[in-house]
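1. from the sequence below, what's the structure:
(chains A and B)
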Number of protein chains: 2
Amino acid sequence: MTQAGSDIVAQAIESWSGLTATQRFNTFRSLKRDERERLFLGLSAWEQAEILLVMPVHERFTYVRVLPPDDAADLIQEAPEEERAGLLELLDPVARAEVGALLAYAEDDAGGLMNPRFARLRPEMTVDEAISYLRLQGRNMETIYYGYALDSEQRPLGVVSLRDLFTAGGRARIADVMNTRVIAVREDTDQEEVARLFAAEDLTAMPVLDDSGRMRGIVTVDDIVDVVQEEATEDIQKIGGMEALDGPYLETGFWQMVRKRAGWLAALFLGEMLTATAMGHYEEEIAKAVVLALFIPLIISSGGNSGSQASTLIIRAMALTEVRLRDWWRVARREILSGLVLGGVLASIGFLRIVAWQAVGHTYGDHSLQIATTVALSLVGVVLFGTVAGSMLPFILRRAGLDPATASAPFVATMVDVTGLVIYFSVAQVILKGTLL
Amino acid sequence: MTQAGSDIVAQAIESWSGLTATQRFNTFRSLKRDERERLFLGLSAWEQAEILLVMPVHERFTYVRVLPPDDAADLIQEAPEEERAGLLELLDPVARAEVGALLAYAEDDAGGLMNPRFARLRPEMTVDEAISYLRLQGRNMETIYYGYALDSEQRPLGVVSLRDLFTAGGRARIADVMNTRVIAVREDTDQEEVARLFAAEDLTAMPVLDDSGRMRGIVTVDDIVDVVQEEATEDIQKIGGMEALDGPYLETGFWQMVRKRAGWLAALFLGEMLTATAMGHYEEEIAKAVVLALFIPLIISSGGNSGSQASTLIIRAMALTEVRLRDWWRVARREILSGLVLGGVLASIGFLRIVAWQAVGHTYGDHSLQIATTVALSLVGVVLFGTVAGSMLPFILRRAGLDPATASAPFVATMVDVTGLVIYFSVAQVILKGTLL
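-> Residues are numbered from 1 along each chain as shown, chains lettered A, B, ... in the order given. Sure, this is the predicted structure:
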């Protein structure tokens, strides 16, 4: 009985991301042959490609050949363009054809996830025949726990689990015991949609069909765990206000990472320049009442924070299909109310703070009550606007066919900053007219 | 052959989240008995609890009893406190004992995920005996695809997959064909850690042991998909600057949601008040050179955006264990360099913008070149600070035993705002001394 992490291979996998390329190679070298293979299988496709490419060419093929076709395709996709043909050459002809076909699919389509080796049954087989077949052919398949009965055109007629076979009579025909409700996806179905179906239907395997309905492969639930992680990572990075990275943070090249961050940062900066323009319009007011400037960061950041909360909530709810396009009005009503309540909370704190400071001697001048009122009213307006804009932006993006996760916290904050300034100075013009302004 | 969504039950599951409680009940009622059962099994634990509690009591037990013990426990956990005992009573005595034991575990521990019904083998059994046993007893188990050989104390000695059994000789002993490297977790292992092990070891099932090493149940990979989704949702909501919700957005009560948002928003607001204090120190400078005020939102938001990028990247990399505590210095070096480059990019854009505006007649006064220099240098400082603070804060939080995801975009932005103002006005005091100030 081994707890995880107590053997040398598990330890190596566990610490892999902290090692330099040289340390990785040395660790790999220090292992016995079968340990190397276990280590290799435990690494991500990216890490497999890395270690493989530092090996001498004649050693590579033993490792590539232990991978099932879908994993081999992933590895080759992670390798630099110029190495891919060479890696493909290492495979035996059958595997090479399979992997080559898989490489034609987009990485994040069902076709890119599937394994072409699945258990094909004929509907007229008996249960005993099917079990014997799985027993004999099982080694070469992604899973022997699901068998698919196909017609002569390779279209699925039904699915049967090994568990069903076990409990059925041995002489029964597959056609009589199979489940004819086969939930399948097409080769070009997006992996996010595939993951959603797995969750909604509580499946552990799903066939992938081509345009003519022929079964081309099978996706299993263990691949879905990776998909879900990957999609969440992409969304999180977008929510953070950048383009999603292609690989792990420490493995991503410095300049590649900087490019993915600089693009968005520069775009946001250009947007944020509108604040300088807006402020320019209020230069006179600021000159007259410098005290107004003091609360600018407080006001605009409150709008940004409430917008960030709202957009993040809705982006995630959309990704989990808890919220759909048609729910926009339900969400809008809810968020208008939230914005008012949240704005009210911050307004009260802000009002009390200014009045209290004034009472203990810090002075905001002769009109601190008017200033407190201006700040409080602006906060209600800004938080309300932030909340509504933050929650509606993901709907607008999705409607336009874009990724709602683009409505990142920084993007919403930038939008809200400009509006926040306009709201603040407009309120000030009304409240402070005749006194400070 | 059915494509997903083409039958009535799949459609109902698909549209479930968009329906009101009444519509759900009516949809449920309109289905045939077996369709109802399929629908029920396809819903989340939260939705199962909801529909169950609107049924007459005498109908409830048929539905509760179709659930395996781990799912029944999840359902009961999602029901209001006062209903739980009643729901538990609906189960038959054996299931009630099992579910009762599961309810004692924290929802997000391995114990809360596991199913206590797994395939127990004896090491001295033959392969044929084991296969017959699985064939006979399979109906009541979470999976028949993995069998565990236990000693007399119920401690696992080895694991064997049905696939291994299929390819082994029928008369071989389990002890000779089983894999003695059993990767297991303890009952109180956090579900995030369980998910990581599944991914690292490419497993489809894992035993759960108690303090004495006795096997108490099994966790399967399909439960892990939900765990991964759930953990990502929690992190995303925290990154958005709020407490994680307990359920879907549209299902969460309005006041509960507002509370989860108001707490953080108020805390950030209190922190952001320091900007008013900081600005107070520079009131004199602003009065002398109002033009300085124009760039305040631009400067502080650039710091916030770069901090948000950095913290989000590191929070996610930590959640995926791509980055560990001991990597802090590698990350710091990388982020110092990123901060300088990104700050340089924004500084150049900002400098050019001010100079260009001046050239086309918009005027920032007689000293626009000095102002452009002040803004550019401040941007380098602020973006550098934002990037480094954003990337290091998750390390500090983890070190302190807190969740790194708390280093949300709004939290980092608030921190950076105050510092950004100090940097900006300090630079201004140096560059504009003798001219504007």
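2. CA atoms for contacts and neighbours, from now on please.
-> Will do.
3. what's the neighbour count on A:N26?
-> 11 (other CA atoms under 10 Å in any protein chain shown).
4. distance of it from B:T321?
-> 22 Å (CA to CA, to the nearest Å).
5. got it, and A:P69?
-> Applying CA to CA, the value for A:P69 to B:T321 is 27 Å.
6. who has more neighbours out of the two?
-> Counting neighbours by other CA under 10 Å for A:P69 and for B:T321 shows that A:P69 has the greater number, 26 against 16.
7. need the contact list for that one.
-> Shown in contact with A:P69 (CA atoms under 8 Å, 6 or more residues apart in numbering or on different chains): A:95, A:98-99, A:115-116.
8. what is the burial count for A:M215?
-> 24.
9. how much space between it and A:A184?
-> Distance of A:M215 to A:A184, given as CA to CA: 9 Å.
10. hey, what's in contact with both of the two?
-> A:207-209.
11. quick one: the strands in the stretch 51-200 of chain A?
-> Taking DSSP state E, counting those that start in this stretch as the criterion, the stretch 51-200 of chain A contains strands spanning A:119-121, A:146-150, A:156-161, A:183-186.
12. helices or strands up against whichever strand or helix holds A:A267?
-> Element membership for A:A267 (DSSP states H and E) is helix A:254-281. Secondary-structure packing of helix A:254-281 (3 or more CA pairs under 8 Å, 6 or more residues apart in numbering or on different chains; DSSP states H and E): helix A:409-431, helix B:291-294, helix B:296-319, helix B:328-359.
13. closest one to A:S15 among these?
-> helix B:296-319 (13.3 Å; CA to CA).
14. which strands and helices sit next to that closest one?
-> With contacts defined as 3+ CA pairs under 8 Å, 6+ apart, helix B:296-319 has these neighbours: helix A:221-239, helix A:254-281, helix A:296-319, helix A:409-431, helix B:368-399, helix B:409-431.
15. list the buried ones in the last one?
-> Read it as helix B:409-431. Neighbour counts over helix B:409-431 (16 or more other CA atoms under 10 Å in any protein chain shown) mark B:409-425, B:427-429, B:431 as buried.
16. wait, does it contact chain A?
-> Yes: using CA under 8 Å from any CA of the partner chain, helix B:409-431 comes into contact with chain A via B:409-410, B:414, B:417.
17. format those residues as a markdown table; extra columns: distance to B:A200.
-> Below are the residues of helix B:409-431 next to chain A laid out as a markdown table (distance: CA to CA, whole Å):
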| residue | distance to B:A200 |
| --- | --- |
| B:A409 | 29 |
| B:P410 | 33 |
| B:T414 | 37 |
| B:D417 | 40 |
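18. tell me the one of these nearest A:G339?
-> B:P410 (16.8 Å).
19. isn't the closest one right up against B:K238?
-> No: when contacts are counted by CA atoms under 8 Å, B:P410 is not listed as touching B:K238 (9.8 Å).
20. tell me the most buried of the helices and strands packed on helix A:254-281?
-> helix B:296-319 (a mean of 28; mean count of other CA atoms under 10 Å in any protein chain shown).
21. how far away from the center of its chain is that one?
-> 19 Å (CA atoms, centre = their mean, to the nearest Å).
22. same question for that helix, mean pLDDT?
-> The average pLDDT for helix B:296-319 rounds to 92.
23. what's the neighbour count on A:D34?
-> 10.
24. I meant A:E89, not that one.
-> A:E89: 11 neighbours (other CA under 10 Å).
25. so for it, what's the nearest residue that isn't a sequence neighbour?
-> Excluding the flanking residues, the one nearest A:E89 by CA to CA, 6 or more residues apart in numbering or on different chains is A:R96, at 7.2 Å.
26. and the one you found, how many neighbours?
-> 18.
27. ok, now A:L209?
-> 24.
28. what do you get for the one 5 residues further on?
-> Neighbourhood size, A:R214 [other CA under 10 Å]: 18.
29. was I right to think it contacts A:E153?
-> Yes: under the criterion of CA under 8 Å, A:R214 makes contact with A:E153 at 6.7 Å.
30. in terms of pLDDT, where does A:G18 sit?
-> Value listed for A:G18 in the pLDDT field: 75.
31. wait, isn't it in contact with B:R324?
-> Yes: if you go by CA under 8 Å, A:G18 and B:R324 touch, sitting 7.5 Å apart.
32. surely A:L437 is in a helix?
-> No: read with DSSP: H, G, I helix; E, B strand; the rest coil, A:L437 is coil and lies in no helix.
33. tell me the one of the residues of helix B:409-431 next to chain A nearest chain A?
-> Nearest to chain A among these, counting by CA to the nearest CA, is B:P410 at 5.6 Å.
34. what's the following helix or strand after the helix or strand bottoming out on mean pLDDT in chain A?
-> When each helix and strand of chain A is scored by mean pLDDT, DSSP states H and E, strand A:2-3 comes last, with a mean of 46. In the C-terminal direction, the helix or strand that comes right after strand A:2-3 (DSSP H and E) is helix A:8-15.
35. what helices or strands is that following helix leaning on?
-> When contacts are defined as 3+ CA pairs under 8 Å, 6+ apart, helix A:8-15 packs onto helix A:33-42, helix B:191-201.
36. buried sites along whichever helix or strand comes after that helix?
-> Where DSSP H and E defines the elements, the next helix or strand beyond helix A:8-15 is helix A:21-29. Using 16+ other CA under 10 Å as the test for burial, helix A:21-29 gives A:24-25, A:28.
37. so helix A:21-29 versus helix A:33-42, what angle?
-> 130 degrees (axes from the mean of the first three to the mean of the last three CA atoms, to 10 degrees).
38. pLDDT averaged over helix A:21-29 - what is it?
-> 87.
39. check stretch A:343-355 too.
-> Mean pLDDT, computed over stretch A:343-355, is 93.
40. same deal with stretch A:215-223?
-> For stretch A:215-223, the per-residue pLDDT averages 90.
41. and it, how far out from the chain middle?
-> For stretch A:215-223, the distance to the chain centre is 20 Å (CA atoms, centre = their mean).
42. thanks a lot, see you next time.
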